[in-house]
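Engineer: Sequence first, then the predicted structure:
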Amino acid sequence: MVLKREVEELMKKLKHPYSMSKKDVQKLISELNVRISTLHYVATHDEKTGLHNINFFKEIFAIESGQALSGKAMSYHSVDIDFLKRLNDYHGHVTVDNLLKRVGMALAKELRSYDVLARFGGDEFVIMTPGTSLESACMIADKLRMSVVKDEVLSPYGVTLSLGVASFQTKDNFSTIVERADKALYRAKKEGRNKVCF
């Protein structure tokens, strides 16, 4: 990766700061900070949507699940765009990439500042809602579903979402809560799509 090599080169230069002027050292440190910030962004964000990626999501999940074990409620949402392959076949990759980004924006707009949204991959997103019971999480999920249905850019394409919701239980880890939410998601799809199941 180019960014990583650039950071390594800048670090090498910093090993011998006495051979540079103070101004050059400050410039080098500033440049290094920019590269590290960019590297961090690339490592934690999805390229197509600009949302967090699944690796970042799992890190935050580990922290939040620790708090959930102490009794704090937490819910998890599996979110899937209905019939994305059909949209892709009809409208093409560029349009679908734009629709993915717009769905991400519509979801993010409806979430609270401490909720965590990430792109899981393909047509799937994941959401963690800390401090949220299953009942509240289902209401949030339905609000998210409706925000996509009513979105002025997405509605002409008929974009809808199916969502599966699961609430954290003491025996849960990332895999088990995902499995329960995914089962609920598949049920939502089986029952006609554009709905929330838990």
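Structural biologist: Arrived safely, thanks for sending.

Engineer: I figured residue 53 was touching residue 45, is that so?
Structural biologist: Yes - using Cβ atoms under 8 Å as the test, residue 53 is close enough to residue 45 to be in contact (5.9 Å). Yep, even glycine has a C-beta here, placed from its N, CA and C like the rest.

Engineer: Buried residues of the helix or strand where residue 34 lies, list them for me.
Structural biologist: Using DSSP states H and E, residue 34 sits in helix 22-44. The neighbour-count check on helix 22-44 (16 or more other Cβ atoms under 10 Å) flags 28, 32, 35, 44 as buried.

Engineer: I'd like the mean pLDDT over that helix, please.
Structural biologist: On average, the pLDDT along helix 22-44 is 85.

Engineer: so what secondary structure elements neighbour it?
Structural biologist: For helix 22-44, the packing partners by 3 or more Cβ pairs under 8 Å, 6 or more residues apart in numbering; DSSP states H and E come out as helix 2-14, helix 54-69.

Engineer: tilt between the last one and helix 22-44?
Structural biologist: Taking axes from the mean of the first three to the mean of the last three Cα atoms, to 10 degrees, helix 54-69 and helix 22-44 form an angle of 80 degrees between their directions.

Engineer: So which elements touch helix 54-69?
Structural biologist: Here helix 54-69 touches helix 22-44, strand 74-81, strand 116-121, strand 124-130, helix 174-190, going by 3+ Cβ pairs under 8 Å, 6+ apart.

Engineer: what angle separates that helix from strand 124-130?
Structural biologist: Counting by the same axes, to 10 degrees, helix 54-69 lies at 30 degrees to strand 124-130.

Engineer: contacting residues for residue 151?
Structural biologist: Residue 151 makes contact with 102, 106, 159, according to Cβ atoms under 8 Å, 6 or more residues apart in numbering.

Engineer: Give the buried residues for stretch 172-192.
Structural biologist: Going by 16+ other Cβ under 10 Å, stretch 172-192 has these buried residues: 172, 177, 178, 180, 181, 182, 184, 185, 188, 189.

Engineer: nearest residue to the residue positioned nearest the centre of the chain other than its sequence neighbours?
Structural biologist: Central residue of the chain (Cα atoms, centre = their mean): residue 118, 0.6 Å from the mean position. Residue nearest to residue 118 in three dimensions, not counting chain neighbours: residue 57, with 3.8 Å by Cβ to Cβ, 6 or more residues apart in numbering.

Engineer: how many other residues sit next to the one you found?
Structural biologist: Residue 57 is flanked by 23 other residues according to other Cβ atoms under 10 Å.
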